[in-house]
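Asker: using only what follows, build the 3D model:
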Amino acid sequence: MRILVIGSGAREHAIVTALAGGPDAVAPEPAGPGAASPDAHELHAAPGNPGIAALATCHEVAATDPAAVAALATDLGADLVVVGPEAPLVAGVADAVRAAGIPCFGPSAEAARLEGSKAFAKDVMAAAGVPTAMAHVCATVDEVAAALDAFGAPYVVKDDGLAAGKGVVVTGDRAEALAHATACLERRPGGTVLVEEYLDGPEVSLFCLCDGTTVVPLAPAQDFKRALDDDAGPNTGGMGAYSPLPWAPADLTQEVVARVAQPTVDEMRRRGTPFVGVLYCGLALTSRGLRVVEFNVRFGDPETQVVLPRLATPLAPVLLAAAEGRLDQAAPLRWHDRAAVTVVVAAHGYPGTVRAGDEIEGVDDAAAVPGVHVLHAGTARTDEGRLVSAGGRVLSVVGLGPDVPAARAVAYEGVARIALRGSHHRSDIAARLPVLPATADA
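Answerer: Okay, here's the model as predicted:
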């Protein structure tokens, strides 16, 4: 197949790597037995990044320009377009690609409102009977203040629109919660924020492939959203992740499909906006049972970096089946019996104002560690060919091993070989696995 992947981050690098046959096929040294053979796909990316460029032809096309993406896909004669980030989906890139007669893995702009508007997602969940946190949708600071007092601490405030993973504040400080809500309302005049009840218990990310009717779950993962060790500091787009989750209930995936993903897909189809793509279910396993924290409408970053390396089934035919509405005909997915851990190396200042242009050294040395592959996120090449930082999250270093502790050790060995002035990373990714709370009636 000729496949065009839209995006420029580590998530898209992970997708391209999977489409190229997986890290076993492209790593300098095989990561273990059962290595996949490279698929004979012609891979393209827009705009891509220096890491993706080693596996695909990159094109300087803006990911959020629907007409330009559709034109590129047409010119290439693409058999499949895979949209990575949320912003192009909300902008209608998938609609434009489908209008050009090309299969696209990614929801329409209307269906992408499940991520583009948290208030819309709450409405869909209510109609579908999906368990989630109670919430107030607030349009004024006074409404926010009243909702904060109604729920009490810890306070949870969410920007209703897209915020690159940084629109949520969870805090015991009422003033901080009110200030975040005020900033969100001022940044988006006429918009709203959500004030939610706090959900206890560990969080889980589960990706579900959808074709508008059928739902096929991938393996669950857990990410680390706070910037600093011990879950301190501000929320980020994600500082690391791991999969599988040895502590999770054995029937978790089946429960999420039955109670969350399938009812949501059924409700979206009932509304005339079928959901095709990845339904990312962000979940909390609370003392009162399973609850949805949020929906996203694409592969998550950094969870994709640890889920796709564990997938033994070739990715491209599954994504094409979803894009063409034939997931019910796909064979059951197969998984490698191994764990994956990824650690994000972030630029100076992240998640605030970041510094760009710092030289990155040691990437090849890190990738030479058996079981390690390095995914590019915010990187660029200078005219002289030097690799430099060009974003907040710069690299995702992925370690593969027989279990989570082994994969973690390998990942951090890779991180130790990378040098980037002023960079930072968490040292506790997957170090302490959570304990489930005692559960009352769900």
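Asker: now for the host helix or strand of residue 175, which elements pack on it?
Answerer: Using DSSP states H and E, residue 175 sits within helix 174-187. Using 3 or more CB pairs under 8 Å, 6 or more residues apart in numbering; DSSP states H and E as the contact test, the elements touching helix 174-187 are helix 141-151, strand 155-159, strand 168-171, strand 193-196. In this view, the C-beta of every residue, glycine as well, is placed from N, C-alpha and C.
Asker: just say which of these is most tucked in.
Answerer: strand 193-196 (a mean of 26; mean count of other CB atoms under 10 Å).
Asker: touching that strand from outside, list them.
Answerer: 118-119, 122, 133-138, 144, 147-148, 151, 155-160, 177, 181, 184-185 (CB atoms under 8 Å, 6 or more residues apart in numbering).
Asker: from residue 319, how far off is the residue lying closest to residue 97 once chain neighbours are set aside?
Answerer: For residue 97, ignoring the flanking residues on the chain, the nearest one in space by CB to CB, 6 or more residues apart in numbering is residue 104 at 4.1 Å. As judged by CB to CB, to the nearest Å, residue 104 and residue 319 stand 10 Å apart.
Asker: just residue 192 next, same as before
Answerer: From residue 192 to residue 319 the distance is 34 Å (CB to CB).
Asker: compare the two (neighbour count), which wins?
Answerer: Shown here are residue 192 and residue 319; by other CB atoms under 10 Å, residue 319 has more neighbours (26 against 22).
Asker: that one - that's part of a helix, no?
Answerer: Yes - looking at residue 319 with DSSP: H, G, I helix; E, B strand; the rest coil, it is inside a helix.
Asker: check contacts around it.
Answerer: So residue 319 contacts 80, 82, 105, 209 (CB under 8 Å, 6+ apart).
Asker: can you report how many residues lie near the first one?
Answerer: Residues within reach of residue 80, counting by other CB under 10 Å, total 24.
Asker: my read: it touches residue 98, true?
Answerer: No - using CB atoms under 8 Å, residue 80 makes no contact with residue 98, being 11.6 Å away.
Asker: so for those two, which residues contact both of them?
Answerer: By CB under 8 Å, 6+ apart, the residues touching both residue 80 and residue 98 are residue 104.
Asker: skipping adjacent residues, who's closest to residue 48 in space?
Answerer: Closest to residue 48 by CB to CB, 6+ apart is residue 58, at 3.3 Å.
Asker: give me the number of residues near that neighbour?
Answerer: 19.
Asker: please apply the same query to residue 291.
Answerer: Using other CB under 10 Å, residue 291 has 22 neighbouring residues.
Asker: list the contacts of the residue nearest to residue 97.
Answerer: Counting by CB under 8 Å, 6+ apart, residue 104 touches 80, 81, 82, 83, 93, 94, 97, 98, 276, 323.
Asker: contacting residues around the fourth one?
Answerer: What it means is residue 83. 6, 7, 89, 93, 94, 97, 104, 105, 106, 277, 298.
Asker: now the first one: closest residue in space that isn't a chain neighbour?
Answerer: Counting by CB to CB, 6+ apart, the nearest residue to residue 6 once its immediate chain neighbours are dropped is residue 83, at 4.6 Å.
Asker: for the fifth one, same thing?
Answerer: In space, residue 94 comes closest to residue 106 once its chain neighbours are excluded; the distance is 4.1 Å by CB to CB, 6+ apart.
Asker: is the one you found in contact with residue 90, as I believe?
Answerer: No - counting by CB under 8 Å, residue 106 does not reach residue 90; the two are 10.6 Å apart.
Asker: who's more crowded, the two?
Answerer: Taking other CB under 10 Å, residue 106 and residue 90 do not tie; residue 106 has more neighbours (29 against 21).
Asker: pretty sure residue 354 is touching residue 377, no?
Answerer: No - using CB under 8 Å, residue 354 makes no contact with residue 377, being 11.7 Å away.
Asker: what is in contact with those two at once?
Answerer: Joint contacts of residue 354 and residue 377 (CB under 8 Å, 6+ apart) are residue 391.
Asker: so between those two, which is more surrounded?
Answerer: Legend: neighbour count by other CB under 10 Å for residue 354 and residue 377, higher for residue 377 (28 against 19).
Asker: quick one: contacts for that one?
Answerer: Contacts of residue 377 by CB under 8 Å, 6+ apart are 9, 10, 13, 49, 301, 344, 391, 393, 394, 395, 396.
Asker: and residue 381, bridged to which residues?
Answerer: residue 387 (DSSP bridges).
Asker: and the chain, what are its domain boundaries?
Answerer: Structural domains assigned to the chain are 2-105, 135-196, 200-329, 339-420, following automatic domain parsing.
Asker: to residue 432, which of those domains lies closest?
Answerer: Among the domains of the chain, the nearest to residue 432 by CB to CB is domain 200-329 (9.3 Å).
Asker: how far away is residue 274 from residue 128?
Answerer: Distance, residue 274 to residue 128, using CB to CB: 14 Å.
Asker: and what of residue 294?
Answerer: Note on residue 294: its distance to residue 128, by CB to CB, is 15 Å.
Asker: now do the strands in the stretch 301-442 of the chain.
Answerer: 339-346, 360-361, 372-376, 379-381, 387-389, 393-401, 419-420 (DSSP state E, counting those that start in this stretch).
Asker: residue 62 is nearest to which of the ones you listed?
Answerer: strand 379-381 (15.9 Å).
Asker: buried stuff in that closest one?
Answerer: Buried residues in strand 379-381, counted by 16 or more other CB atoms under 10 Å: 379, 380.
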